[in-house]
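Chemist: model the following, please.
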Amino acid sequence: MRVFLKPILFLLLIALSNYSLGNVAPFGLELNKATMKDLESKYDILKKSKKKDNVTFAAISPRLLALKDLKEASFVFDGRDVLQAVILKMGKYKFNEMYDILSEKYQLTRKDIPFIGDKVAYFSQDDSKIILEAPHMSFDLEVTYVTNAFLKESNDKQKDQKKSDLDAKKAAF
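Modeler: Numbering: from 1, shown residues only. Next comes the predicted model:
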């Protein structure tokens, strides 16, 4: 009996080592776990702003991160000061390179990469999404690491805002 357990245990350990536990952790800051204090202890914050919906944005110098040609690095925190998203901006020419890097690490869930036009790829890991977007009429590429809950909440708020704007326009006529 013991002879059969060792190979099974070995195979189980190999399978579990490839399975990640937890959300993505760009630059060592795990989404839905790291706090503003964690960010402040690792990096100097250039700018911090709080929005009306209790969301805090913090920007750090892109030179502090080990990512060549990074233009902007923003961290988004919820009302409890818990990290919900990381937004990176860089030159659009890095799309293929970033796609290859993210493909090796995360599960691809959707992609639309035409020769000409908007390029987008969605990756996921546990309760997080990684969105790679390069709009056609832009010079920039945006990589967003975000929790599923925060992404849904943001999308719902956008839909509600568009609906209220449309209702206000209808009321004006």
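Chemist: ranges for the helices of this structure?
Modeler: Using DSSP state H, the helices assigned to the chain run over residues 2-18, 36-42, 95-105, 148-172.
Chemist: which of those helices has the lowest average pLDDT?
Modeler: When those are compared by mean pLDDT, helix 2-18 comes last with a mean of 37.
Chemist: which residues touch residue 146?
Modeler: When contacts are counted by CB atoms under 8 Å, 6 or more residues apart in numbering, residue 146 touches 31, 76, 84-86, 128-131, 154. Using the backbone N, CA and C atoms, a C-beta is placed for each residue, glycine as well.
Chemist: in TSV, list these along with neighbour count and distance to residue 52.
Modeler: TSV is the format used below for those (neighbours: other CB atoms under 10 Å; distance: CB to CB, whole Å):
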residue	neighbour count	distance to residue 52
31	26	23
76	21	14
84	25	16
85	24	17
86	23	22
128	26	25
129	23	25
130	23	27
131	19	24
154	16	14
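Chemist: format the residues you listed as TSV; extra columns: distance to residue 163.
Modeler: Shown next, in TSV, are the contacts of residue 146 (distance: CB to CB, whole Å):
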residue	distance to residue 163
31	28
76	23
84	23
85	23
86	29
128	28
129	24
130	28
131	23
154	15
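Chemist: how close does residue 108 get to residue 132?
Modeler: Here residue 108 is placed at a distance of 10 Å from residue 132 (CB to CB, to the nearest Å).
Chemist: give me the more crowded residue out of these two.
Modeler: Neighbour count, other CB atoms under 10 Å: between residue 108 and residue 132, residue 132 has more, with 24 against 14.
Chemist: so the more buried one bridges to which residues?
Modeler: Beta-bridge pairing for residue 132 (DSSP bridges): residue 121, residue 143.
Chemist: and it, what does it touch?
Modeler: Residue 132 makes contact with 95, 98-99, 102, 119-123, 141-143, according to CB under 8 Å, 6+ apart.
Chemist: looking at these, which is nearest residue 166?
Modeler: residue 120 (25.3 Å; CB to CB).
Chemist: residues in contact with the closest one?
Modeler: Shown in contact with residue 120 (CB under 8 Å, 6+ apart): 110-113, 131-134.
Chemist: just send the residues you listed back as JSON lines, with pLDDT and distance to residue 60 too.
Modeler: Converted to JSON lines, the contacts of residue 120 look like this (pLDDT from 0 to 100; distance: CB to CB, whole Å):
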{"residue": "110", "pLDDT": "95", "distance to residue 60": "29"}
{"residue": "111", "pLDDT": "92", "distance to residue 60": "29"}
{"residue": "112", "pLDDT": "91", "distance to residue 60": "30"}
{"residue": "113", "pLDDT": "88", "distance to residue 60": "29"}
{"residue": "131", "pLDDT": "96", "distance to residue 60": "20"}
{"residue": "132", "pLDDT": "96", "distance to residue 60": "21"}
{"residue": "133", "pLDDT": "95", "distance to residue 60": "21"}
{"residue": "134", "pLDDT": "92", "distance to residue 60": "23"}
